[in-house]
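Peer 1: With the sequence up front, the predicted model follows.
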Amino acid sequence: MYKIFGLRPFVLVKICFLIVLLFPGCKIFTAEHTPNSSLIEGANSEDLRKGKSYAHYLSSVVYYRKGDLNKSIEELEKSIENADEEEIPSSLFVRLVRLYIIAERYEDALRCVDKILLREPSPSLYLIQGELYHRLGRFDEAVSAFQKAIELNPEDILGYTALLDLQEKTNDLVSAIEIYQRMIQNRPDNALLHYQLGLTYARIKSNSLAIQSLEKALQLDPRMIRAHYILALLYLDEKFLDKSKENLEKYISRKPDDPKGWEVLMGVYVQLGEFEKGKDSAKKLAKFANLTPLQKLLLSFFYSVVGDSKTSLSFLPVSEYPVLSKVLEISAKEVWEGVSVDEIASLDNIGGNLDLECNDFISGVWNNFGENIVLGWFAERLNKIDQSKPSLTISLIRSRILLVAERYQDAVGLLEKAFVNYEKDLWVNYYLAMGYEKLKRYEDAEKHLKICLELDPENGEILNFLGYLYADLNIKLEEAENLIRRALKIDPENPYYLDSMGWVYYRKGNADEAITYIKKAIYKMDTDDAVLRDHLGDAYLLKGDVKRAIAEWKRALFLDPKNEEIKKKIEKYEKE
């Protein structure tokens, strides 16, 4: 989460104190408009009522100063009960709101704020109302309250910041982008706003718009050196290698103590064929004492690529990656001293989680060195080792690379050969299911997922995979719900499992439960997601709320502009 200007606008107690001081038109109990205690005797019932109200108010102040918050609240409530509501100054309600918030009685505070807003709407009070809704998990109502605060005072940055904080927390990054754009209209020369907008675009993989915003931020303020690093990653993702190199060199000239900068620069030089510069970057990276295990693997990989096998081996083994350490060791040895058949055979007996190792390593080498190196040099090296001595481990790594490259048919072909000899291997079956699902061979995917569950019945990923497959195909919904419920029992906060459960409820015609689960899934994600937004739109349509359905589909389309199915839904229901 990013904070604009370092502000923390949701410290409610501070806001409440501010309102007590600045709330327009507020009065407080003073001798000017409360009864003098010397006049109580012989006073009429109205005067007695006012005196009683004032006495409770004073008691509340005393209890507060003594640190008895509950008694202070109780006395202030009695003060209000004994007063004519029309004559109660708004500041008294504000004080009660403040006490409720300190006591974390947010529902009571919200009711009190609502009463004051009926009297005199105020941007500050709408901010408090919004944050109370936020704390109570009523996010849609919180958004409405913050929007009212902005409408009443469009120049106050607190309203925008409050709304941005909520939208980022709930992963409504499309709406967050709209807020940044509105703020930039009022402050077009604010470099930080352009930078924050660029980061938000980057989070949703809208690379071209992210690049545009970050370039603008640097134009306005060249000191924003971190923007160069983010730009380098974006240009790298878009295959603009020269631009990536240019920004990395600018970044590293100012931040030579950042190992991540040297790591990425090393990979960019390799992709550009500038191997000597790559070696210089690798040497800089290798000097850091706090290298991560993955960086050690990447350095070993780099030196193998450039033909320096002895240096490659000097970074091995990496204890956190026992299987891939051995694979890289065999890969390096194969070049300069030969590898025994027994060494290759030993791969299949190494402990460790190959799937987790592959998740980290393949994404690392892919992002740093590019698909040409991974699908070319590395894949050929693995194939050569596999030909020397067939290895299940090598076949699984090769298949994972093919799945990442979206070469599903090739991956399935390789795994089907492995299945002949390893019918009961968990990862052979799991990766086959992944490939078959992508090829729309759903019965084959189901078959292998069931084998996976026989082998590992309490694996949440497998339970969710099969449950979601059923839900997406709109079949076996009771079994799907049972599978996903088991997955959620293992990992209750997993956003993918939550979305799957929402999708089951959608298929079963239960719109309210579907919306609840899918929203919760969106809130738990690391970023906004087109698939989940599409699901949420469908759930709102099932509920009959076409307006909100269209709004969610538009968010989904913003996140996935090439999705023709979503475009068709928007066009259809906007016409209706």
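Peer 2: Sure thing, it's come through. Predicted model only: the values in this text are computed from it and were never measured. Numbering: from 1, shown residues only.
Peer 1: Now I394. Nearest residue, chain neighbours left out?
Peer 2: Nearest residue to I394, sequence neighbours excluded (CB to CB, 6 or more residues apart in numbering): D386, at 4.6 Å. From N, CA and C alone the C-beta is placed, and that goes for glycine too.
Peer 1: pretty sure E513 is in contact with R507, am I right?
Peer 2: No. Taking contacts as CB atoms under 8 Å, E513 lies outside contact range of R507: 11.3 Å.
Peer 1: For these two, work out which one has more neighbours and name it.
Peer 2: R507 (19 against 16; other CB atoms under 10 Å).
Peer 1: which residues touch the more buried one?
Peer 2: By CB atoms under 8 Å, 6 or more residues apart in numbering, the contact list for R507 reads 471, 474, 477, 480.
Peer 1: what about it, distance to Y470?
Peer 2: Noted for R507: a distance of 9 Å to Y470, by CB to CB, to the nearest Å.
Peer 1: hmm, back to that, would you mind listing the two of the contacts of R507 that lie farthest apart?
Peer 2: With CB to CB as the measure, no two of the contacts of R507 lie farther apart than N474 and A480, at 9.4 Å.
Peer 1: higher neighbour count, the two?
Peer 2: The neighbour count for N474 versus A480, taken as other CB under 10 Å, is higher for A480 (26 against 13).
Peer 1: Do you know the pLDDT at G376?
Peer 2: At G376, the pLDDT value in this model is 95.
Peer 1: neighbours of it, just the number please.
Peer 2: If you count neighbours by other CB under 10 Å, G376 ends up with 11.
Peer 1: Please apply the same query to E371.
Peer 2: 16.
Peer 1: how close does the closest residue to it other than its chain neighbours get to K438?
Peer 2: Computed as CB to CB, 6+ apart, the closest residue to E371 that is not its neighbour in sequence is A405, at 6.5 Å. Separation of A405 from K438 (CB to CB): 12 Å.
Peer 1: With L466 instead?
Peer 2: Between L466 and K438 the computed distance is 15 Å (CB to CB).
Peer 1: Compare the two and say which is more crowded by neighbours.
Peer 2: More neighbours surround L466 than the other of L466 and K438, with 25 against 15 (other CB under 10 Å).
Peer 1: which residue packs closest to the more buried one, ignoring adjacent ones?
Peer 2: Setting aside the residues directly before and after it, L466 is nearest to L449 in space (CB to CB, 6+ apart), at 4.3 Å.
Peer 1: What are the contacting residues of the host helix or strand of the one you found?
Peer 2: Taking DSSP states H and E as the definition, L449 sits inside helix 442-455. Outside helix 442-455, the residues within contact range by CB under 8 Å, 6+ apart are 423-424, 426, 429-430, 432-434, 436-437, 459, 462-463, 465-466, 469, 473.
Peer 1: Give me the buried entries from those residues.
Peer 2: With burial judged by 16 or more other CB atoms under 10 Å, the buried subset of the contacts of helix 442-455 is 426, 429-430, 432-434, 436-437, 459, 462-463, 465-466, 469.
Peer 1: average pLDDT across the biggest helix by length in the chain?
Peer 2: Longest among the helix segments of the chain by residue count, using DSSP state H, is helix 45-65. On average, the pLDDT along helix 45-65 is 82.
Peer 1: do the same with stretch 184-192
Peer 2: Across stretch 184-192, the average pLDDT comes to 94.
Peer 1: can you check stretch 325-338 too?
Peer 2: Here stretch 325-338 scores 78 as its mean pLDDT.
Peer 1: Residue ranges of each domain in this protein, please.
Peer 2: 171-255, 486-576 (automatic domain parsing).
Peer 1: mind checking how far the shortest one is from the chain centre?
Peer 2: It refers to domain 171-255. Distance of domain 171-255 from its chain centroid, counting by CA atoms, centre = their mean, to the nearest Å, is 18 Å.
Peer 1: Now do stretch 540-552: everything it contacts.
Peer 2: Counting by CB under 8 Å, 6+ apart, 506, 509, 511-512, 514-515, 533-534, 536-538, 570, 573-574, 576 sit against stretch 540-552.
Peer 1: coming back round to it: among the buried ones among the contacts of helix 442-455, which one lies nearest to L132?
Peer 2: L463 (37.7 Å).
Peer 1: ok, that closest one to Y496 distance?
Peer 2: Look at L463 and Y496: by CB to CB, they are 11 Å apart.
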